[in-house]
Each structure stands twice: as C-alpha cells, then as structure tokens.
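**Q** Structure of the sequence below:
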Amino acid sequence: MIDGELVRFEQNPQDAEILGNIFRLVHTIKGTCGFLGLPRLESVAHAGENVLGKFRDGVLPVVLTGMGSDGSRGGKVLADGGATVIAQDEASSVVWGMPGAAATSGICTAVVPLKSVAGYINDFVAKGMP
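**A** Here you go, the predicted structure:
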C-alpha cells in the first residue's frame, strides 16, 4: 500500500492528500513497531515520519545541481517564510547554476557536498537544527 502511494506521490508531488496518506501509513508502521517491540524499525519509521512532516510543512528545500536560478527564487520565498535552505556545493555539482544562484544569494543556511546532503537532512530532522 505504501509503495503505491509513493509512486502516486512521485507522479504528483504537490498532492497534499497523497503526502498525508504516506505520513499516516508511516505513523501506523511506527506505532505497530512500538507495539511489537521492534525498536530499530520503530526508529526508522520515526525518522521517516519526521522527514515527511518537514516536507509536508515545506521547511526543508534542497537545491541540487542544475541550470538556471528558479531554485534560488523559490528558495528565497521559502527562506523569507522561515525555512532552512541548503544547496549542493560547487565542487560536487555537475552544473552549479541552480545551487550557485541559491548559495550566492545568501538564502542558504548551508552549502554542502552532495555526499553530505543526506547527513545534513538527518541531522536537521533529528536535532531540528537550522
């Protein structure tokens, strides 16, 4: 069931109803794992729930390699609303246009190598860090 919702969300990333469905499924998995005494799976589900919550709330934009500057413009709108914005660094980008525009505009809380993006997101979710 969750796999079908994930595919639907990939096809319709702006659909808040699908995102809500996924969030509830992960929440149910977390509760079931807690009930069954599966702490590691419960922890994974909890982390997934946190990421989905941040995504649902629109507070964790990540600007990755690409051309143009629309990521910077969108990131500014989100940053002005209080969101943390991170961008991929120049050294790890194939094309630094998009993340470069965001990084040089001053909207980014962090500019990190691609290999560090997942860790930054994990730290953000776990610690609520900006």
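
**Q** tell me the mean pLDDT for stretch 2-18?
**A** For stretch 2-18, the mean pLDDT works out to 83.

**Q** actually stretch 115-128, not the one I wrote
**A** 82.

**Q** Give me the buried positions along the lengthiest helix in the chain.
**A** Taking DSSP state H as the criterion, the chain has its longest helix at helix 16-36. Buried residues in helix 16-36, counted by 16 or more other Cβ atoms under 10 Å: I18, L19, N21, I22, F23, L25, V26, H27, I29, K30, C33. Heads up, the C-betas are built off the backbone N, CA and C, glycines and all.

**Q** How about stretch 4-20?
**A** E5, R8, F9, I18, L19.

**Q** cool, stretch 85-105 as well?
**A** 85-89, 92-93, 96, 98-103, 105.

**Q** again with stretch 101-118
**A** By 16+ other Cβ under 10 Å, the buried positions in stretch 101-118 come out as A101, A102, A103, S105, I107, C108, A110, V111, V112, V117.

**Q** Please identify the helix or strand for the closest residue to the fourth one other than its chain neighbours.
**A** Take S105 and drop its neighbours on the chain: the residue closest to it by Cβ to Cβ, 6 or more residues apart in numbering is S72, 5.1 Å away. S72 is located in helix 70-80, with elements delineated by DSSP states H and E.

**Q** same for the very next helix or strand once past that helix, what does it pack against?
**A** Using DSSP H and E, the helix or strand that follows helix 70-80 towards the C-terminus is strand 86-88. Secondary-structure packing of strand 86-88 (3 or more Cβ pairs under 8 Å, 6 or more residues apart in numbering; DSSP states H and E): strand 62-63, helix 97-105, strand 110-112, helix 114-127.
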